[in-house]
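> No sequence on hand, only this structure:
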């Protein structure tokens, strides 16, 4: 199938899925041959995450762009919006005949009201002996890649476990490699912002990227 026909089909499919499951179901088509700042080719019910056509990649899309050979479909995982809404998400990757990663069909269903209702019911049924389940580290979906980059930088600092002022050179090298693995440097001007955050020059940043990370 030619790329333009595939994109038309995915756009039609997104419209059909959104119509079937209603306004709480966002369906986005990402063109993975585009630059990270503008991968969204089509989107239905974009109010769920606040995104629109022409917006940039999510964290999971960045990771796919960084390592296309290693990605697999992810179904039924939990994400969040910056304003705290809880989503049930699925990501399906579309490849060409030669295995090239071409597109991603992403579905995000807003289950916030259902989760809150479930929590209310749990208050009546839970016993004192039962422990509360932890929410864990749930990924957020941003409408702007700049916000995503800010979050990735924060996560890189959390990954090291100490503030920048206390980091050694080795700590910063590990943090830079963490960002590289997450695809952060696919975002334009990421090098400038990461260099400023870690108080290093861009020359040093590139040296750190070339430095092997110890076990």
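Perfect, I can see it now. The model shown is predicted, which means the values in this text are computed figures rather than measured ones.

> helices and strands around the helix or strand harbouring residue 174, which ones?
Per DSSP states H and E, residue 174 falls inside helix 169-181. The contact analysis (3 or more Cβ pairs under 8 Å, 6 or more residues apart in numbering; DSSP states H and E) places helix 169-181 against helix 145-160, helix 190-197, helix 202-210. C-beta coordinates here come from the backbone N, C-alpha and C atoms, glycine included.

> can you list contacts of that helix?
Here helix 169-181 makes contact (Cβ atoms under 8 Å, 6 or more residues apart in numbering) with 66, 152-153, 155-157, 159-160, 162, 164, 167, 185, 190, 194, 198, 200, 205, 208-209, 211, 213-214.

> Give me the angle between that helix and helix 145-160.
140 degrees (axes from the mean of the first three to the mean of the last three Cα atoms, to 10 degrees).

> I'd like the numbering to begin with 411 instead of 1 from here.
Fine by me, first position is 411 from now on; the one you just mentioned is helix 579-591.

> Report the buried residues of helix 579-591.
581-590 (16 or more other Cβ atoms under 10 Å).

> Let me know how buried residue 551 is, in neighbour terms.
23 (other Cβ atoms under 10 Å).

> Grab the nearest non-local neighbour of it.
Nearest residue to residue 551, sequence neighbours excluded (Cβ to Cβ, 6 or more residues apart in numbering): residue 459, at 4.9 Å.

> Please report the distance of residue 421 from residue 437.
10 Å (Cβ to Cβ, to the nearest Å).

> just residue 573 next, same as before
For residue 573, the distance to residue 437 - Cβ to Cβ - is 40 Å.

> wait, residue 473 sits on residue 596?
No: taking contacts as Cβ atoms under 8 Å, residue 473 lies outside contact range of residue 596: 9.7 Å.

> Closest one of the buried residues of helix 579-591 to residue 487?
Of all these, residue 588 has the smallest distance to residue 487: 20.6 Å, by Cβ to Cβ.
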